[in-house]
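> Attaching a predicted model along with its sequence, questions to come.
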Amino acid sequence: MTVIGVDDTDSRERGMCTTYLAARIAERIAAAGGSIDERLLIRLNPAVERKTRGNAALAIHTDLDADHAAEIAREELEPLAETDDPRTSPGLVVADCDPDEVPAAVTAFARNAVREFHDLDDALALADDTGFETAGWTGGHGRIGALAAVGAAGAFDEWTYELIAYREFDRCGTPREVDEASLFAAAEDAYPAAWDTVDRVEDEAVCVPSAPGPILYGIRGDDPEALREVAGGIDSEPVERTALFRTNQGTDAHLRAADVADLTALDDGGAYRVDCVVAGEPETREGGHVFVPIRGVESRLTIDAAAFEPTKRFRHRVRALRPGDELTVCGEVSSGTLKLEKFAVRGLDRTALRNPKCPDCETTMSSAGRNQGYRCRDCGTSAPGKVETEVDRDLERGWYEVPPCARRHVAKPLVRGGFDAPTHPER
């Protein structure tokens, strides 16, 4: 068996897509007489600065001879990689072994690559120790992701699928022709086996990218047959080819459980799931971004949790929080702020201090003056101070999430289940 890993062939400005390269390599291998056991699409740490939007690395599992497979991969990569972009730095790693026989150190490297930051020298040293062949172009920084893709099969316990349809390559850079009525109907029929295909509230075709690359649309979900049914129901411009990938998307593989009292100890660039208490009122700042201070359950030190404008209606959930609410929050820490992806309400503060009511006429009392309590102007009755009253809340116990239009590829949608409290999915 042979495992091929590739990464970093696309460009933010020029387009291309490493999944397209992987699909092409797999087709060439099949034409050369090799079988394709699997294609893996691995989302790596979404906080990596060098990434394009999804930060994906790709792996192909085949029975073709490693030398022949490597030759095909090079022949496909070199004309397609957008190396004129100085940020594009392709990498290739070829392992002459069964995916189940990839050394444990490489599997650990892959597991950590979605949560931590790896150095190129460390990746090359590990590849050299294992005897894997590597090749790089314009620096070859993509060898980090390529090595992670090689080790990914044994690195993750939870998997989903993505079916990607590619447009005719000479159409790249032109507006995509996808009939949204047929797309929304197909998405409705397949939900929830296929998820994050559209955002019904924002009326957005989430599966259709805006970048100038070769992807026409990508359908994600738990059931490959459901993905094929969605694709079969979409009216669009001609599809050049399709490819099915097994992936760690939609699994929360990037989150680390953090049992810390002091939230200020969370590292920048890390993504966490952590228990906390709301420590102040939410505040909407310039640009429509919503910030709310949170603290550890037994700490007074606070950091901000934020719902940024692109998370749209999720901000209403954050604005509904009140001091004293008990939460579990999930998100990436950047410059000391936790960027919310989802949160669970564990406990709600349902009381507020209000002016007392007159026991005789039930009119709300007014202040009798500084430090003089409250008095009913009609009846003359008095009370020493404000009283606790129960208030209605716009939130319930359970999990809330950003909408599909704002979801990170690796973040787990609530509709997939497996959460420890009731869920309030967005669709």
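Received it, and whenever you're ready, just let me know what you need. Residues are numbered from 1 along each chain as shown.

> got the contact list for stretch 182-200?
Where contact means CB atoms under 8 Å, 6 or more residues apart in numbering, the residues beyond stretch 182-200 that reach it are 204-208, 217, 219-223, 226-227, 229-235, 250, 403-405, 407, 413, 415-416, 426-427. To be clear about C-beta, it is placed using only N, CA and C from the backbone, and glycine gets the same treatment.

> and that stretch, which residues are buried?
Buried residues in stretch 182-200, defined by neighbour count with 16 or more other CB atoms under 10 Å: 183-187, 190-199.

> Where does the prediction get shaky in the stretch 1-150 of the chain?
Low-confidence segments of the stretch 1-150 of the chain (pLDDT under 70): 13, 50-54.

> Which parts of it are strands?
Under the criterion DSSP state E, counting those that start in this stretch, the stretch 1-150 of the chain contains strands at 2-7, 36-43, 56-62, 91-95, 133-136.

> Now tabulate those strands in CSV and tack on mean neighbour count and distance to Arg167.
What follows is the strands of the stretch 1-150 of the chain, written out as CSV (neighbours: other CB atoms under 10 Å; distance: least, CB to CB, whole Å):
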stretch, mean neighbour count, distance to Arg167
strand 2-7, 29, 21
strand 36-43, 22, 18
strand 56-62, 27, 18
strand 91-95, 28, 25
strand 133-136, 18, 28
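
> nearest to Ile29, of those?
strand 56-62 (5.2 Å; CB to CB).

> quick one, the closest one and strand 91-95 angle?
30 degrees (axes from the mean of the first three to the mean of the last three CA atoms, to 10 degrees).

> now strand 56-62: how far from the chain's centre is it?
Distance of strand 56-62 from the chain centroid (CA atoms, centre = their mean, to the nearest Å) equals 20 Å.

> who's in contact with that strand?
Here strand 56-62 has contacts from 1-7, 18-19, 21-22, 25-26, 29, 34-44, 69, 99, 142, 145-146, 148-150, 152-153, 245, 409, using CB under 8 Å, 6+ apart.

> Which strands border it, and is each parallel or antiparallel?
Strand 56-62 pairs in its sheet with strand 2-7 (antiparallel), strand 36-43 (antiparallel), by DSSP bridges.

> Reformat those as a markdown table; add distance to Leu340.
Putting those into a markdown table (distance: least, CB to CB, whole Å) gives the following:
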| stretch | distance to Leu340 |
| --- | --- |
| strand 2-7 | 28 |
| strand 36-43 | 19 |
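
> So for Asp100, what's the nearest residue that isn't a sequence neighbour?
Spatial nearest neighbour of Asp100, chain neighbours left out: Gly154 (6.8 Å); criterion: CB to CB, 6 or more residues apart in numbering.

> which strand is the longest one in the protein?
strand 337-347 (DSSP state E).

> and that one, what does it pack onto?
strand 271-278, strand 302-307, helix 314-319, strand 326-334, strand 398-401 (3 or more CB pairs under 8 Å, 6 or more residues apart in numbering; DSSP states H and E).
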